[in-house]
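J.: here is my input, please return the structure:
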Amino acid sequence: MTNLDKPIVPPYYKRFYSESDAENRIDILENMPDAFIAIGHDGEFTYVNRVAETCFGPREKLLGKNMWEEFKGVISEKFRKTYLHSMQFLTPVDFEEQFECWKAWYQCYGFPTADGFYWFFRNITDKKNIEKKMNCLFESSLIGITLGSDNGFITGANQTFLTMIEYNAEDLANGKVSWKQITPPEYSEVSEKAIREAVERGQAEIYEKEYITKSGKRVPVLVGLTLSDKREREIMGFTLDISVQKQAQAQRESIIEFKEALRVRDEFSAVAAHELRSPLTALKLKLGLIKMLFTESEIPEFKFLSTIRRNLDGCTALISRFEKLITELFDFNKIRLGILDLDLEIFDINNLISDVLPRFKEGLYASSDYLKFNKTNPIFGKWDFMRLEQAISNLISNAIKYGNQKPIEINLSNSQDGSGIMIRVQDHGYGIPVQDQSKIFQLFHRAENAAQRAEGLGVGLFITKQIIEIHGGKISVESIPNIGSVFNLFLPLKR
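T.: Residues are numbered from 1 along each chain as shown. Reported below is the predicted structural model:
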């Protein structure tokens, strides 16, 4: 009778079976959440607890009645055979049974005793309904569903998920599918974090990643994880293929970029037409004046020579301005097409700046006190001489234009880590409002306090930034309104 004395019982019934006092046992039976009935060797009801009454009927109508007769047509053949097998071999039974007449599912646990048989019934209808819904979801063609462990192995998956990653059921059965295997390296950290979160909190926030298919392609997906079995640390994953949404998003972004390109083109065309027309009109007027002076007499009188010389100097300046505009126009187009290239050569950056300065030493800035360059020992690097000359000229021109006729300083030094050089172009002029400082290198942008003084295409600083960055360098600005601005330029010595 060993099997009867110490049957193997589920943990939630051990308290009942380990209690030796009959009165305490009755108390446990009456307060447990499960239905309990005891039957004798002939199948007659000998005990029905409170929960069993709500399931099977009042105990006074059941006690003494034969279970098999009372529930005839309700108890299945499977139920009866399981009971008979348990009685024959004195072993406990644990199985699920659906009782159609009660529209309920029960977890049925029972074992033989010296007096007959003890039955425990736990209502699992809600659990079965959830399982049914989960099965429908599992076979869904919309969402990929996986079951796996927290160490990355996938033990189960629906066909939608397998199709998504181009694997089959045989690959899954042979252990060829794991989260680590189909996750690109750049998504490993976020994936492992989600798994830890699911284990610790029961579920993880939905996140976006990519899966690598069997053929090596990448599939963009949204993934949600939930802990389906805490004891076994089993994780259920829900995966939605968002390839179509990504393609639509890319198309929308392409349309936006195309519209922006058209807007920039139209804006640039309007600015360019105006700026190119202005020097040509002025040049035409000055040449007309010179022609008129020559027309008034065959040999110009001496008093006209200074006027002619002044107008010719003006023509030269206008032609230089026109040349600068044309250069900016071509450079802007090269940047837009991504074909701005470099002609690298080794030279001393001191020499380049020294060559640039004389072009600006006219009028007020003819004095070295107003346009000062603090030279250093020779610093050689491999750069594009013409491009850097253009960039530094733009910065000096900008400093003169907005420097309020105050001194301008150009300082050259090695960077602190020795990897490159620093060029600082500092003025003491109008400065740049705080709200404009982050936008000053954008195409066509001008600070609010510079609009009235502005001339040119509005692409000078934009082109300067592109030239510096294509060298592998950086450019930034520090400015305080009405005090001045400092443009900091870093160029690496080696690329």
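J.: what bits of the stretch 151-300 of the chain have low per-residue confidence?
T.: Scanning the stretch 151-300 of the chain for pLDDT under 70 picks out the ranges 258, 261-300.
J.: buried residues, the strand or helix carrying Glu205. List them.
T.: Secondary structure assignment for Glu205, by DSSP states H and E: strand 203-212. Buried residues in strand 203-212, counting neighbours by 16 or more other CB atoms under 10 Å, are found at Gln203, Ala204, Tyr207, Lys209, Glu210, Tyr211, Ile212. C-beta here means a position set from N, CA and C on the backbone, and glycine is covered the same way.
J.: can you give me the helices in the stretch 301-450 of the chain?
T.: Counting by DSSP state H, counting those that start in this stretch, the stretch 301-450 of the chain has helices at residues 302-337, 349-356, 385-402, 434-437.
J.: and the second one with helix 385-402, angle?
T.: Yep, that's helix 349-356 we're talking about. Interaxial angle, helix 349-356 versus helix 385-402 (axes from the mean of the first three to the mean of the last three CA atoms, to 10 degrees): 60 degrees.
J.: count of neighbours near Glu232?
T.: 10 (other CB atoms under 10 Å).
J.: what do you get for the one 3 residues further on?
T.: Number of residues near Ile235 (other CB under 10 Å) recorded here: 25.
J.: wait, it touches Ile145, no?
T.: No: distance between Ile235 and Ile145: 11.4 Å, which falls outside the contact criterion (CB atoms under 8 Å).
J.: the strands in the stretch 51-200 of the chain, which residues?
T.: Ranges of strands within the stretch 51-200 of the chain are 93-99, 104-113, 116-123, 144-149, 154-157, based on DSSP state E, counting those that start in this stretch.
J.: wait, what's in contact with Lys214?
T.: Ile165, Glu166, Tyr167, Asp171 (CB atoms under 8 Å, 6 or more residues apart in numbering).
J.: equivalent analysis for Met422, please.
T.: By CB under 8 Å, 6+ apart, Met422 lies in contact with Asn411, Leu412, Ser413, Asn414, Ser415, Asn488, Leu489, Phe490.
J.: could you rerun that using 6 Å?
T.: Going by CB atoms under 6 Å, 6 or more residues apart in numbering, Met422 touches Ser413, Ser415, Phe490.
J.: same thing with Tyr109?
T.: Asp94, Phe120.
J.: next: Ala38.
T.: Contact analysis of Ala38 by CB under 6 Å, 6+ apart lists Thr46, Tyr47, Tyr118.
J.: one more time with 10 Å
T.: 29, 44-49, 52, 110, 113, 115-119 (CB atoms under 10 Å, 6 or more residues apart in numbering).
J.: my read: Gly431 touches Tyr402, true?
T.: Yes: between Gly431 and Tyr402 there is a contact under CB atoms under 10 Å: 8.2 Å.
J.: low pLDDT regions in the stretch 301-450 of the chain?
T.: Residue ranges of the stretch 301-450 of the chain with pLDDT under 70: 301-339, 362-368, 444-450.
J.: how near is Ile480 to Asp436?
T.: Distance of Ile480 to Asp436, computed by CB to CB, to the nearest Å: 13 Å.
J.: okay, the two: which has more neighbours?
T.: Legend: neighbour count by other CB under 10 Å for Ile480 and Asp436, higher for Asp436 (19 against 12).
J.: what residues are up against Glu30?
T.: Phe36, Asn49, Arg50, Val51 are the contacts of Glu30 under CB under 10 Å, 6+ apart.
J.: in strands, which of those residues fall?
T.: Taking DSSP state E, the ones among these that sit in strands are Phe36.
J.: are any of the contacts of Glu30 buried, and which?
T.: Buried members of those, counted by 16+ other CB under 10 Å: Phe36, Asn49, Val51.
J.: mind listing what's buried along stretch 486-495?
T.: Val486, Phe487, Leu489, Phe490, Leu491, Pro492, Leu493.
J.: in strands, which of those residues appear?
T.: Using DSSP E, these in strands are Val486, Phe487, Leu489, Phe490, Leu491, Pro492.
J.: isn't there a helix covering Lys246?
T.: Yes: using DSSP: H, G, I helix; E, B strand; the rest coil, the assignment for Lys246 is a helix.
J.: out of the buried residues of stretch 486-495, which comes closest to Ile421?
T.: Leu491 (5.3 Å; CB to CB).
J.: any idea what that closest one is bridged to?
T.: Beta bridges link Leu491 to Ile421 when assigned by DSSP bridges.
J.: how near is it to Pro112?
T.: Noted for Leu491: a distance of 91 Å to Pro112, by CB to CB.
J.: thinking again about what came up before, ok, which pair from the contacts of Glu30 is furthest apart?
T.: Farthest pair in the contacts of Glu30 (CB to CB) is Phe36 and Arg50. Separation: 9.1 Å.
J.: name the residues contacting each of these two.
T.: Here Phe36 and Arg50 have Leu29, Glu30 as joint contacts, going by CB under 10 Å, 6+ apart.
J.: check contacts around Lys78.
T.: Here Lys78 is in contact with Phe95, Glu97 (CB under 10 Å, 6+ apart).
J.: same question but for Thr464, I mixed them up
T.: 387-388, 390-395, 398, 441, 475, 487, 489.
J.: repeat that for 7 Å
T.: Neighbouring residues of Thr464 by CB atoms under 7 Å, 6 or more residues apart in numbering: Ala391, Asn394, Leu395, Ile475.
J.: may I see those organised as a markdown table, with neighbour count and distance to Glu189 added?
T.: Listed next are those as a markdown table, based on neighbours: other CB atoms under 10 Å; distance: CB to CB, whole Å:
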| residue | neighbour count | distance to Glu189 |
| --- | --- | --- |
| Ala391 | 26 | 40 |
| Asn394 | 23 | 43 |
| Leu395 | 25 | 42 |
| Ile475 | 20 | 33 |
